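**Q** Here is the input, now give the coordinates:
(2 chains)
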2 protein chains.
Amino acid sequence: MEADWQQGLTSLLAHTHIGFLATQGQQTPETSMAPYAIFQGDIILHLSGLAKHSKNIEKNAHVGFMICTPEHASSSALALARLSFTGILQVVPEQEKHAYQQAYLASIPDAAPLFSFPDFTLYRLNIDTIFWVGGFGQARTLTKQTWDSLC
Amino acid sequence: MEADWQQGLTSLLAHTHIGFLATQGQQTPETSMAPYAIFQGDIILHLSGLAKHSKNIEKNAHVGFMICTPEHASSSALALARLSFTGILQVVPEQEKHAYQQAYLASIPDAAPLFSFPDFTLYRLNIDTIFWVGGFGQARTLTKQTWDSLC
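**A** Here you go, the predicted structure:
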């Protein structure tokens, strides 16, 4: 059983390239879509400053992020395996940017032209909480240590 | 062009059964997955009181909700058509519950057993804002009137 959920989680990460951000809007939390990659246990996002989520993040960098099995992959919408994080988005420091950018582009190659756009910023998520739902009624909290050992 | 984006939107709704909620957690917005249905222009959700998003909603019913094209349906993760809402979740009043429940089950039939669980609640979203992204650089705000005419 231990191996089962770990395999489910690594399979989810291997087969998905997008996730869903929750950011704090003026009155209301807001959901947006963002392609993601993982590098050394960090979730990496590359966001346009023109998008509403970037304006929200500038005011409040606390976010939620979810990666979910696409619905065609399961016969039940209720049982889709999914992984959710909370944390604080941080701009990737200049001296680490090259390595993060390479990792991002290995996962999202068609984002290459966006790196020449001045309004895009590379972020990494400083993870606070990690929650895995393997299906209906199968949920567990992960430590950062467990997460780091899996990715 | 007008017909194109409308067709994209109705196709998205016809082919998806899940969306992503943004709710306000204690310190951080949080993303969760929720199956959805639409009835008379209302987004309907059926949520377990045991889930974290329900505890968040009890404290603050302002939420975001996004419906997104599954990533296998496009060659680019950057260009996935998606629809996002903000609004206030309201418990469906008792006298309207039967009609909403029927509409929900027509879309999510395997949720039927959950309606006998005492901890599940049927909500509808009182929509404030609607935002459509048809692909990279194709975005527009919809009025409630336009939304109602499309669904």
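**Q** what's next to the worst-scoring helix or strand of chain A on mean pLDDT, contact-wise?
**A** The helix or strand of chain A with the poorest confidence is helix A:2-15; it has a mean of 89 (mean pLDDT, DSSP states H and E). For helix A:2-15, contacts defined as C-beta atoms under 8 Å, 6 or more residues apart in numbering or on different chains pick out A:38, A:67-69, A:73, A:81-83, A:132, A:134, A:138, A:140, A:150-151. All C-beta spots, glycine's among them, are computed from the backbone N, C-alpha and C.
**Q** what about stretch A:38-51, start to end distance?
**A** By C-alpha to C-alpha, to the nearest Å, the extent of stretch A:38-51 from end to end equals 22 Å.
**Q** Quick one: distance of that stretch to the chain centre.
**A** Stretch A:38-51 has its C-alpha centroid displaced from the chain centroid by 7 Å (C-alpha atoms, centre = their mean, to the nearest Å).
**Q** ok, and for that stretch, which residues are buried?
**A** A:38-39, A:42-47, A:51 (16 or more other C-beta atoms under 10 Å in any protein chain shown).
**Q** And stretch A:98-109, by the same measure?
**A** A:100-101, A:103-105, A:107-108.
**Q** if we can go back for a sec, okay, and which of the buried residues of stretch A:38-51 map to strands?
**A** A:38-39, A:42-47 (DSSP state E).
**Q** Could you export those residues as a markdown table, including distance to chain B and pLDDT?
**A** Shown next, in a markdown table, are these (distance: C-beta to the nearest C-beta, whole Å; pLDDT from 0 to 100):
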| residue | distance to chain B | pLDDT |
| --- | --- | --- |
| A:Ile38 | 14 | 97 |
| A:Phe39 | 17 | 97 |
| A:Asp42 | 17 | 97 |
| A:Ile43 | 12 | 98 |
| A:Ile44 | 13 | 98 |
| A:Leu45 | 12 | 98 |
| A:His46 | 10 | 98 |
| A:Leu47 | 12 | 97 |
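**Q** which among those gets closest to B:Leu114?
**A** Nearest to B:Leu114 among those: A:Ile43, at 31.1 Å, using C-beta to C-beta.
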